[in-house]
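Enquirer: How does the following fold in three dimensions:
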Amino acid sequence: MTGGGKKLVLAVIDGLTPGVLERALDNGRLPVLRALSEAGTYARGTTTFPSVTPVCLTTIATGAHPDVHGIPHLVWYHREERRLVEYGSSFAAMWAVGARQCLRDTIVNMTQEHLFPEATTVFEAVDDAGRVPGAINFTCYRGRTPHRARVPGIAARRASEAVVLGPRRFFFYNLYESDRTDAPLAIRARNAGSIDAYAGAVGRWLVTRDGFDFLVYYLPDYDYASHVAGPEGADAALARADDAIGDLLAAAGGLDEFLERYAIVVCSDHGQTRVDGAATLADAYADLRIFTGRRSGSPDACDVAVAASNRYAMVYRLPGSRLDERTLAERLDGRDGVDVVVWREEGAAVARREREELRFAPADGSFRLEGDPDVLEAARYPNGVERAWRALACPRAGDVLVSAADGCEFADLGGRAHVGGGSHGSLVAGDSIIPLLAAGFEVSPFGPDPATADLAPLALRHLGIRPPSSMSRPAHAHA
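Expert: Residues are numbered from 1 along each chain as shown. Here you go, the predicted model:
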């Protein structure tokens with residue numbers, strides 16, 4: 001698996017599903033991606049769980065799952081700081097926890113503080129090997145090079161807090177820019193694809209100067225459009241993502257010239273499925289004292305915190321609770337929007353669906369199963385046992401994990417949901433399966449069961465760098 005010493009681009013089109021991509025390629029609507037597919041190889045892979053963007057992008061950056069990298073969801077209860085962390089589920093959810101705190105958590109704290117230090121990022125590993133890493137708009141960006149925010153008040157209380165560690169070539173929505181490129185404002189016309197256009201401008205600048213050894217090229221506008229119109233209704237945004245990747249090729253002089261210098265992997269971070277209804281998970285605990293953020297008093301006086309967003313939720317037992325995990329989980333039986341519920345019990349994990357249960361725990365390099373295996377059948381929940389175990393083993397995860405039913409989303413802290421559009425986060429295949437396209441390699445870089453957790457070690461091996469131990473930590477480490 002070598003690219004003959006070529007540099008590497010990892011292009012991530014947020015939220016792109018295999019079915020949408022494959023149909024668009026067949027119909028000729030994506031000329032750049034079609035040319036790359038004809039020059040390379042294509043596969044389907046599996047993302048992590050929960051299949052929400054902060055978790056999935058962190059898995060791509062670290063080559064690890066939440067049990068290793070520590071990012072559990074879009075929203076979670078911080079046990080040490082006794083508060084809810086929100087990475088921007090919606091504007092209403094941001095206001096519920098405090099907009100300034102939400103911005104700091106999303107822009108700075110997720111990567112600089114919440115990401116576990118023992119989870120080495122691909123940017124750190126590339127820099128440690130004396131090579132030049134780069135990232136454009138990628139939210140899990142921790143590297144070795146200090147960068148100061150251009151607008152300190154947005155990201156930090158004080159100017160000293162506005163310095164973050166990122167890749168040497170680092171561009172984050174005009175807020176952090178390692179080089180002056182004269183790219184346009186990223187956040188100016190999101191519906192028209194301004195963030196992907198910003199990435200395209202920076203990408204052209206970098207390729208023209210051959211300014212990196214490894215670049216993560218993140219294109220989020222398709223996911224934004226798909227949340228509004230559904231995965232089948234965002235063709236224009238996908239075409240703009242195709243154009244943005246075309247900007248890289250054009251800057252090199254065309255497809256052939258680009259592939260002489262670079263290998264490229266194009267992927268998504270998660271899938272997406274249509275949402276026709278929303279459920280408020282906290283209703284299952286309406287008789288309890290629920291911690292909902294800064295206006296709900298002390299969490300020490302509450303029974304539970306419910307961290308719900310998109311198609312995934314977590315329930316935390318707080319100091320005031322007299323109910324154990326099983327009781328909290330069983331309260332969700334028959335609730336609208338609930339599909340699979342997972343919790344820890346007597347050293348094993350328990351998955352419950354339609355009142356049937358499967359117990360599982362790592363054993364002898366695999367998993368020991370007891371109960372009904374159909375609860376997490378592989379066709380519906382790809383690699384569901386391991387992904388559920390790793391999500392539950394995250395030290396910051398809730399005590400009860402909830403995967404949403406088909407067509408349903410859990411309302412966030414602000415009561416918002418994407419009804420009529422698309423969403424993701426659950427264990428089901430539609431949220432979990434991603435496309436993987438590679439070109440410029442001598443042989444296909446994808447193994448028989450590729451996953452987003454494979455991408456960071458793939459990149460390092462391609463560059464001749466040995467992946468760190470955190471990128472191969474076995475699930476049984478938490479048995």
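Enquirer: And the nearest residue to Ala284 once chain neighbours are set aside, how far from Asp283?
Expert: Of all residues not flanking Ala284 in the chain, Arg331 sits nearest, at 4.8 Å (Cβ to Cβ, 6 or more residues apart in numbering). For glycine as for every other residue, the C-beta is placed from the backbone atoms N, C-alpha and C. Noted for Arg331: a distance of 10 Å to Asp283, by Cβ to Cβ, to the nearest Å.
Enquirer: Look at the two and report which has more neighbours.
Expert: Arg331 (19 against 11; other Cβ atoms under 10 Å).
Enquirer: Where do the domain boundaries of the protein fall?
Expert: Following automatic domain parsing, one gets these domains for the chain: 7-71+115-274+428-478, 278-417.
Enquirer: Out of those, indicate the one that is most buried.
Expert: Across these, averaging neighbours per residue (mean count of other Cβ atoms under 10 Å) puts domain 7-71+115-274+428-478 on top, at a mean of 21.
Enquirer: roughly how far out does it sit from the chain middle?
Expert: 11 Å (Cα atoms, centre = their mean, to the nearest Å).
Enquirer: Next: stretch 342-354.
Expert: The gap between where stretch 342-354 is centred and where its chain is centred comes out at 24 Å by Cα atoms, centre = their mean.
Enquirer: what's next to stretch 299-308, contact-wise?
Expert: When contacts are defined by Cβ atoms under 8 Å, 6 or more residues apart in numbering, stretch 299-308 is touched by residues 73, 75-77, 82-84, 280-282, 285, 288-292, 296, 313-323, 328, 398, 402, 410-413.
Enquirer: Isn't Asp333 up against Glu356?
Expert: No. Applying Cβ atoms under 8 Å, one finds Asp333 not in contact with Glu356, separated by 10.8 Å.
Enquirer: which ones are touching Asp283?
Expert: Asp283 makes contact with Arg335, according to Cβ under 8 Å, 6+ apart.
Enquirer: Wait, a helix at it?
Expert: Yes. Using DSSP: H, G, I helix; E, B strand; the rest coil, the assignment for Asp283 is a helix.
Enquirer: Report the separation between the closest residue to Thr111 other than its chain neighbours and Arg359.
Expert: Spatial nearest neighbour of Thr111, excluding adjacent residues (Cβ to Cβ, 6+ apart): Arg142 at 4.7 Å. Noted for Arg142: a distance of 36 Å to Arg359, by Cβ to Cβ.
Enquirer: Please apply the same query to Val375.
Expert: Note on Val375: its distance to Arg359, by Cβ to Cβ, is 10 Å.
Enquirer: Arg326 too?
Expert: 12 Å.
Enquirer: Identify the contacts common to those two.
Expert: Counting by Cβ under 8 Å, 6+ apart, the contacts common to Arg326 and Arg359 are 345, 350.
Enquirer: where in the stretch 151-300 of the chain is pLDDT low?
Expert: The model of the stretch 151-300 of the chain has pLDDT under 70 over residues 152-161, 294.
Enquirer: got the residue ranges for the strands in it?
Expert: Applying DSSP state E, counting those that start in this stretch to the stretch 151-300 of the chain gives strands spanning 163-166, 169-172, 176-177, 214-219, 262-267, 273-274, 277-279, 290-291.
Enquirer: got the CA positions of the second one in CSV?
Expert: These are the backbone C-alpha positions of strand 169-172, laid out as CSV (Å, rounded to 0.1, in the frame of the first residue of the first chain):
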residue,chain,number,x,y,z
ARG,A,169,-0.4,24.7,7.7
PHE,A,170,-3.7,25.5,9.5
PHE,A,171,-6.8,27.2,8.2
PHE,A,172,-10.0,27.3,10.3
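Enquirer: check contacts around the closest residue in space to Asp269 that isn't next to it in sequence.
Expert: Take Asp269 and drop its neighbours on the chain: the residue closest to it by Cβ to Cβ, 6+ apart is Cys56, 3.8 Å away. Cys56 makes contacts with 47-48, 269-270, 452, as judged by Cβ under 8 Å, 6+ apart.
Enquirer: which one of those is nearest Val108?
Expert: Asp269 (20.6 Å; Cβ to Cβ).
Enquirer: Go ahead and confirm the closest one touches Thr47.
Expert: Yes. Proximity of Asp269 to Thr47 meets the contact threshold set by Cβ under 8 Å, at 6.3 Å.
Enquirer: Show me whatever sits in contact with both of the two.
Expert: With Cβ under 8 Å, 6+ apart, Asp269 and Thr47 have common neighbours 56, 434, 452.
Enquirer: Just the closest of these to Ser37, please.
Expert: Closest to Ser37, out of all of these and judged by Cβ to Cβ, is Ile434, at 14.9 Å.
Enquirer: Just to be sure, that closest one is in a helix?
Expert: No. Looking at Ile434 with three-state DSSP, it is strand, so not inside a helix.
Enquirer: residues contacting it?
Expert: 16-18, 44-47, 267-271, 452.
Enquirer: does it have beta-bridge partners, and which?
Expert: Gly45 (DSSP bridges).
Enquirer: what's the next secondary structure element after the host helix or strand of Tyr316?
Expert: Using DSSP states H and E, Tyr316 sits within strand 312-317. In the C-terminal direction, the helix or strand that comes right after strand 312-317 (DSSP H and E) is helix 325-330.
Enquirer: Contacts for that next one next, please.
Expert: 285, 304, 315, 317, 321, 341, 343-345, 350, 352, 399-400.
Enquirer: and that helix, what's its mean pLDDT?
Expert: Averaging pLDDT along helix 325-330 gives 98.
Enquirer: Find me the pLDDT at the spatially most central residue of the chain, would you?
Expert: In the chain, the centroid-proximal residue (Cα atoms, centre = their mean) is Cys56; its distance is 2.2 Å. Cys56 is assigned 98 on the pLDDT scale.
Enquirer: So which residues of the stretch 251-400 of the chain form helices?
Expert: For the stretch 251-400 of the chain, helices defined by DSSP state H, counting those that start in this stretch occupy the ranges 255-261, 325-330, 384-392.
Enquirer: Apologies, that question was intended for the stretch 1-150 of the chain.
Expert: Counting by DSSP H, counting those that start in this stretch, one finds helices in the stretch 1-150 of the chain at the ranges 18-26, 31-39, 53-62, 66-69, 91-97, 99-104, 122-128.
Enquirer: Return the third one as PDB; C-alpha atoms alone will do.
Expert: So the one you mean is helix 53-62. Provided in PDB are the C-alpha atoms of helix 53-62 (Å, rounded to 0.1, in the frame of the first residue of the first chain):
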ATOM      1  CA  THR A  53     -19.600  14.800  13.200                       C
ATOM      2  CA  PRO A  54     -17.400  15.700  16.300                       C
ATOM      3  CA  VAL A  55     -17.000  12.000  17.200                       C
ATOM      4  CA  CYS A  56     -16.500  10.900  13.600                       C
ATOM      5  CA  LEU A  57     -13.900  13.600  12.700                       C
ATOM      6  CA  THR A  58     -12.000  12.900  15.900                       C
ATOM      7  CA  THR A  59     -11.900   9.200  15.000                       C
ATOM      8  CA  ILE A  60     -10.600  10.200  11.500                       C
ATOM      9  CA  ALA A  61      -7.900  12.400  13.100                       C
ATOM     10  CA  THR A  62      -6.800   9.900  15.800                       C
END
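Enquirer: can you list the strands of the stretch 151-300 of the chain in a markdown table and add distance to Ala99?
Expert: A markdown table is the format used below for the strands of the stretch 151-300 of the chain (distance: least, Cβ to Cβ, whole Å):
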| stretch | distance to Ala99 |
| --- | --- |
| strand 163-166 | 20 |
| strand 169-172 | 19 |
| strand 176-177 | 20 |
| strand 214-219 | 23 |
| strand 262-267 | 32 |
| strand 273-274 | 29 |
| strand 277-279 | 23 |
| strand 290-291 | 19 |
